[in-house]
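Student: Predicted structure and sequence below. I'll ask about it afterward.
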Protein chains: 2
Amino acid sequence: MKPTITDVAKKAGVSIATVSKVMNNTGKISEATKKRVLEIMKEMEFQPSFVASALKGKSTYTIGLLIPDLANPFFAELARSIEDRGHNLGYNLVICSTDYSMEKESKYINLLKQKSVDGFILASGFENIQLVKELMEEKTPLAIVAREMPALEVDTVSVDNFLGGYLAASHLINLGHKEIAIITRDVWSNRERLRGYRQALLEAGIPFEEKIDVVEETSVECGRKMAGKFLSSARRPTAIFACSDSLAIGVFHAAREFGLKIPNDLSVIGFDDTPWAGASFPSMTTIAQPIREMGLAVTDLLVKAIKGEKETKQRLILLPKLIARESTVPYSGR
Amino acid sequence: MKPTITDVAKKAGVSIATVSKVMNNTGKISEATKKRVLEIMKEMEFQPSFVASALKGKSTYTIGLLIPDLANPFFAELARSIEDRGHNLGYNLVICSTDYSMEKESKYINLLKQKSVDGFILASGFENIQLVKELMEEKTPLAIVAREMPALEVDTVSVDNFLGGYLAASHLINLGHKEIAIITRDVWSNRERLRGYRQALLEAGIPFEEKIDVVEETSVECGRKMAGKFLSSARRPTAIFACSDSLAIGVFHAAREFGLKIPNDLSVIGFDDTPWAGASFPSMTTIAQPIREMGLAVTDLLVKAIKGEKETKQRLILLPKLIARESTVPYSGR
DNA sequence: ATGAAAGCGCTAACAC
DNA sequence: GTGTTAGCGCTTTCAT
C-alpha cells in the first residue's frame, strides 16, 4: 500500500501533526526535524492524499469545465488553454460536454458539486441561467467564458461578437458587395454576430433583405445545405458571411457543387480562425477570436475567486480581428 | 451549508447507518423507513459526498486521460468519445495534455494518483514505458489506446497502423505510382505506418529509395516544409503519403507554391480522416481510423478493470479503412 | 517546538 | 431491521 502520514510519522519518530506541518510549511518546526521528515518522505515516496485533505475542507485543486462539445476545434483549443493555465496554477480539469442540453448541464454540475470541485468554468452555449444563479447563491466559484450573461454579476471573459459580425460585414461591404448573405445559428454568440452584421448593413445603407439562414448545428454539412439554398435562389448573393469556419467550409463545398469559383464568383468569410481557415483552399478570410487569451484569462479569474483573492467581479471583453486571406475579393459585377 | 448524512439522519429520526444503507441499497431496511429516508433526502436535496466515500476506499468515479494534445482534432475526438462512454458509466474524465513530454507524463500520473482517480487511459504518444510498468505493478487499473506496447500485458485498443500504411501505399501503387514519398514522424504509430508502406513497396518490387522525411511535429507547417524539399528535388515524387491529415494539408500548400495541381501533378494521401480531409479542396484521400469506436472500447475495458469484472487482459486491434476521395488519381506520365 | 486529540462525511462490521 | 462504533488520511486547535 501507499504510505500514509502515519507511516511517515512512525518512521521519523515524530507525531503525524509534525509531519503535517512539515508538508504544509505551517506552524513552527525546528530545521533539524523538518529536514529529517522531508528525507523520510522522499525515501518512502510519500504522496499526501488529496481526498483526505479535501474532506477536511481544503481544496481539491480540480476545476470543472462545461463546454458544448469537446470535439469542436474551437472548444478543444479553448479547453487546452484552460488546461495549460490550470496546470500551471496546480489545478486539474474535469471536462464535460453538454451538447447544448440543459439537462446535461444540470446533471454535470450536480455531479461535480458532489465531487467537490473548487469551481466551474462555463463556456459558451451554457443555456441554463437559473442554474448559474443558484451556483452564485451558493457562493460556488464561477467564471464564464465565450459567453455573456448581461444580467448576472459574474466573472466573464468573452469576445466582442457584435464587433466580429460588424467587422465581417464591413469587410465585405468595403469590397463593394451588396448582396451579402449570412448563415448563423440560434445561439447567443451568433445572435450578437448577426446584430453586428445588421448594423454594418444599416450604416452602409444596404437594405436588409433577410438573407439569413439559421442552421440547427454548426457543421460543414449544414453550411453546405444552407449555402445551397442561397446559391440556387433567383438573386444569389455575391458574398456569404458564415458564423463559423466549419459552416464556411460547407459554403466552399456548395460553391463547388454549383460550379462557382471562390473568391471570383463568391466571396466567403468565416468566423473563429480555426486551423481550417488557414488550411483551406483558397485560404479563408475569417474573424479571429483570441481563444488562447480567453482561456488563460478566465482561468486566472476563476482561480483568484477560488482563493478568495478578489473583491470585485469583472467582465473582460477581448476584441476579434479580421484576418484577410484569399476567399474574399472586391465585387466585380456579374 | 450542504446537508450531510447526519442532518438527514437527524431529521428522519434514524441513525446515519440506516441512511447510508438506504443510499447504497445495502443491508436490510424496512420499506417504510426506506421510503421516509428517501423522501427526506429529496426534501433536503442531500447529495452524498464523493470525497468522503472515496476516503473510505470507494471509487472516486473519475478516470484520468493522458493524451499528447487536446487541441489536436484526432485527440479531441478521441477524448470526446471516451468522455461520452465514461459519463454513461458514471465516470468523469480528467484530461491532461502531455505534449509528448515524459516529464509531464510522470507529473500528471503522480498528481492524479494523489487524487485517487480510479484508473488511467493512456493514449498514443505516451512514451514512458517504465512508468506504465510501475502502474501495473501497483495494480492501478490501466488501459492503452491508439498505441501498442507489445511487451506489456495491458488492455489495449489500437488501430492497425501497419495495415494503414500498407493500404495507403498500395492504393498509390495500384494507381500506377512508382515515385512515392512519405512524410512521417518519429513516434510509434508513424513508425508502424512506415513499415506498412515499405512492405507494400517491397511486394510491388519498387525499390525503396528512402524518400522519407521525418518531421519534428505534426503540423501543417511541417508538412509544407517537408513537402517543399521533395518537390524541389531533381526527381520529384508523383505521389506523397503523409502520415497525418494535417501534414497532408501542408503538402497541399506546398504543391500550390510550386504551381503543382493536386491530383493531376501530384497525388496525396493522408491519415486519420479528420474533418479536414473531407473539407479540403480537392477533398483528401486518407486512411480512416475508427476513432469513436476506439474511445468507446477502451473505456469499457478500463471500467471493467476498475470494477474487477475481468480476468484476462486483451488487445483489441481495429482496422483502418481507405477513404478514396479526389486527391489521388492514376499516374499519367509526366 | 512538538504532540494528543477531535473531527471532516461516510462505510461496514458487529451488536442488539 | 436498526443503531453503535471504529476508522479512512489528513488538518488544526490546544496543551505541554
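Tutor: Thanks, I have it. No experiment lies behind these values; they were computed from the predicted model shown. Numbers count the residues shown, from 1 in each chain, chains lettered A, B, ... in the order given.
Student: could you pull out the helices for the stretch 101-250 of chain A?
Tutor: A:102-114, A:129-137, A:161-174, A:188-203, A:220-231, A:245-257 (DSSP state H, counting those that start in this stretch).
Student: what does the stretch 51-200 of chain A have sitting close to DNA strand C?
Tutor: Counting by Cβ under 7 Å from any atom of the strand, the residues of the stretch 51-200 of chain A close to DNA strand C are A:52, A:55-57. Every residue, glycine included, has its C-beta placed from N, CA and C.
Student: Buried residues of the lowest-mean-pLDDT helix or strand in chain A, list them for me.
Tutor: Lowest by mean pLDDT, DSSP states H and E among the helices and strands of chain A is strand A:212-215, with a mean of 74. Neighbour-count burial for strand A:212-215 flags A:213, A:215 (criterion: 16 or more other Cβ atoms under 10 Å in any protein chain shown).
Student: How far does stretch A:115-126 sit from its chain's centre?
Tutor: 12 Å (Cα atoms, centre = their mean, to the nearest Å).
Student: got the end-to-end distance for it?
Tutor: 20 Å (Cα to Cα, to the nearest Å).
Student: try stretch A:54-69
Tutor: Span of stretch A:54-69 from end to end, Cα to Cα: 29 Å.
Student: Using neighbour counts, pick out the buried residues of that stretch.
Tutor: For stretch A:54-69, by 16+ other Cβ under 10 Å, it's A:54-55, A:59-69.
Student: okay, who's weakest in the residues of the stretch 51-200 of chain A next to DNA strand C by pLDDT?
Tutor: Minimum pLDDT for those is recorded at A:G57 (91).
Student: Test my guess that A:P330 contacts A:I173.
Tutor: No. Using Cβ atoms under 8 Å, A:P330 is not in contact with A:I173, being 11.1 Å away.
Student: quick one: which of the two has more around it?
Tutor: Comparing A:P330 with A:I173 by other Cβ atoms under 10 Å in any protein chain shown, the one with more neighbours is A:I173, at 19 against 11.
Student: How about that one, nearest residue that isn't a chain neighbour?
Tutor: A:A204 (4.7 Å; Cβ to Cβ, 6 or more residues apart in numbering or on different chains).
Student: Neighbours of that neighbour, how many?
Tutor: Other residues near A:A204 come to 15 when the count uses other Cβ under 10 Å.
Student: Compute the distance between it and B:S327, please.
Tutor: 40 Å (Cβ to Cβ, to the nearest Å).
Student: List, one by one, the residues from the stretch 51-200 of chain A near chain B.
Tutor: Within reach of chain B by Cβ under 8 Å from any Cβ of the partner chain, the stretch 51-200 of chain A has these residues: A:51-52, A:54-55, A:60-62, A:69-73, A:76-77, A:79-80, A:83-84, A:87, A:92-97, A:110-116.
Student: Show me just the buried residues among those.
Tutor: When those are checked for burial by 16+ other Cβ under 10 Å, the buried set is A:51, A:54-55, A:60-62, A:69-73, A:76-77, A:79-80, A:83-84, A:87, A:92-97, A:111-116.
Student: Sort out for me which of those residues are in strands.
Tutor: A:62, A:92-97 (DSSP state E).
Student: closest to B:S15 among those residues?
Tutor: Among those, A:T62 lies closest to B:S15 (Cβ to Cβ), at 32.0 Å.
Student: these two touch, right, A:L65 and A:A123?
Tutor: Yes. The pair A:L65 / A:A123 is scored as a contact, 6.9 Å apart, by Cβ under 8 Å.
Student: how close does the residue in the stretch 1-150 of chain A that DNA strand D sits nearest to sit to chain B?
Tutor: Going by Cβ to the nearest atom of the strand, DNA strand D is nearest to A:I5 of the stretch 1-150 of chain A, at 2.8 Å. Using Cβ to the nearest Cβ, to the nearest Å, A:I5 is found at 13 Å from chain B.
Student: Lovely, talk soon.
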